[in-house]
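Undergrad: Give me coordinates for this.
(one chain, ligands or ions: 1)
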Amino acid sequence: MALPKLKSAVIEHNETLLTGRKIKIRPFHGREEKKILTAKMSGTPIEQFDVIIEVMSTCVSQDVLQFSMAEFEQAYLILYSVSVNDKIEASFVCGECQAIISASIPVSAVKMGEDIGKTTTIDLGQDETGKNVTMVLNQLSVATSRMVMSAEDDSEIVAIFDSLEGIYVGEDQIESPELEEFGEWLLNQPNAYTESIKTIRTSPQMSYSKKWQCPDGHDNVTEVKGFSSFFRS
Ligand SMILES: [Zn+2]
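TA: Presented below is the predicted three-dimensional model:
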């Protein structure tokens with residue numbers, strides 16, 4: 001008899017992310033599980049991120065590079081819960097005696113950032129005619145985050161440019177600038193660069209916090225925040 005094909009290996013789940021984006025997702029298979037485990041053991045943060053992107057691209061029917069980081073994080077949690085189980089195994093370290101205890105984080109208890117999917121408006125002051133100039137930024141996409149991680153020269157200007165929803169003078173949106181022109185312009189404004197960096201670096205993140213006691217009775221509060229920390233645990 002041939003080896004059996006498991007129904008659960010091919011079943012596709014329809015899910016809706018908090019931003020309203022609908023995704024189709026199938027559980028990861030042994031092949032993908034193996035990649036994740038290997039990356040967890042020995043990978044650098046960029047290698048780990050690349051493996052997750054690769055696995056997510058295989059299991060999710062949409063282009064995950066275009067997802068915002070918050071969507072990507074939520075989709076990964078869904079993938080994890082349909083593939084493995086609804087708990088993430090983790091180890092917590094006691095702040096006082098360094099005792100390590102194993103814990104499991106229920107996927108349903110992980111909170112998603114409240115600002116998920118929101119844009120940020122940066123006020124740049126007035127132009128010569130007295131109209132307000134504003135810049136609206138989208139949340140960082142997976143593709144842009146990946147680029148910022150590799151930290152090439154000017155990657156931050158490129159990241160801001162990629163996240164740019166629009167520049168407005170009063171109510172009017174101006175025609176989208178080219179990257180080079182935008183970079184020059186941004187660096188010539190007071191405050192705009194710092195504000196933009198702050199915005200793209202503070203994308204909403206998934207988080208989980210738990211109060212627990214080590215065997216010696218020390219009280220601890222452990223906070224797990226952001227994709228990479230969940231991946232490590
Ligand atoms: Zn302790």
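
Undergrad: How about the residues of this protein by the ion?
TA: Counting by CB under 5 Å from the ion, the chain comes close to the ion at Cys94, Glu96, Cys97, Ala99, Cys214, Asp216, His218. Every C-beta, even on glycine, is put in place using the N, C-alpha and C of the backbone.

Undergrad: Of the residues you listed, just the buried ones, ChimeraX syntax please.
TA: Selection of buried members from those for ChimeraX, criterion 16 or more other CB atoms under 10 Å:
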select :94,214
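
Undergrad: Filter the residues of the chain next to the ion down to the ones in helices?
TA: Assigned to helices by DSSP state H, none of these qualify.

Undergrad: ok, the residues of the chain next to the ion vs Met147, which is closest?
TA: Cys94 (37.9 Å; CB to CB).

Undergrad: The closest one reaches Cys214, doesn't it?
TA: Yes. Taking CB atoms under 8 Å as the definition, Cys94 is a contact partner of Cys214 at 3.8 Å.

Undergrad: so how far is the ion from the residue of the chain most remote from its centre?
TA: Going by CA atoms, centre = their mean, the residue of the chain most distant from its centre is Met1, 44.6 Å out. In this view, Met1 and the ion are 54 Å apart by CB to the ion, to the nearest Å.

Undergrad: Just the pLDDT for that residue.
TA: On the pLDDT scale, Met1 is placed at 76.

Undergrad: Also the one 5 residues further on?
TA: According to the model's per-residue confidence, Leu6 sits at a pLDDT of 74.

Undergrad: OK, contacts around the residue most central in space within the chain?
TA: In the chain, the C-alpha nearest the mean C-alpha coordinate belongs to Met69, at 2.7 Å (CA atoms, centre = their mean). With contact taken as CB atoms under 8 Å, 6 or more residues apart in numbering, Met69 is in contact with Gln139, Leu140, Ser141, Val142, Ser145, Ser203, Gln205, Phe227.
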